[in-house]
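**Q** Predicted coordinates and the sequence they were generated for:
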Amino acid sequence: MMVGAAAGLYPRLLPSSAGPSHDLTIAKALSGPYALRAGLVWWVLGIVLAFIYFFVVYRMFRGKVSPESGGYEH
């Protein structure tokens, strides 16, 4: 359904009720090359930090918990 709506509105992303000159189009929504590079760098750093976090948490809580132990023990 979303693909159909996007195809029907192309090249407008967000139509304006004030008139076609105020529509948000693909050309008006483009970012510059510097912003795209900066966003990519921050995205990569965020993904790397998330993977490190999940790896540390997984390693910290790995192992089986038995009902006799009363819970998780280091």
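**A** On my side now, so go ahead. Numbering: from 1, shown residues only.
**Q** Report the residue spans of this structure with pLDDT below the cut-off.
**A** The model of the chain has pLDDT under 70 over residues 69-74.
**Q** give me the element the residue nearest the centre of it is part of.
**A** When C-alpha atoms, centre = their mean is applied to the chain, the residue found nearest the centroid is residue 43 (8.3 Å). Counting by DSSP states H and E, the element that carries residue 43 is helix 33-60.
**Q** List the contacts of residue 5.
**A** Contact analysis of residue 5 by C-beta atoms under 8 Å, 6 or more residues apart in numbering lists nothing. Any C-beta I mention is one placed from the backbone N, CA and C, and that applies to glycine too.
**Q** I'd say residue 12 and residue 25 touch.
**A** Yes - counting by C-beta atoms under 8 Å, residue 25 is a contact partner of residue 12 at 5.5 Å.
**Q** Mind listing the shared neighbours of these two?
**A** Joint contacts of residue 12 and residue 25 (C-beta under 8 Å, 6+ apart) do not exist.
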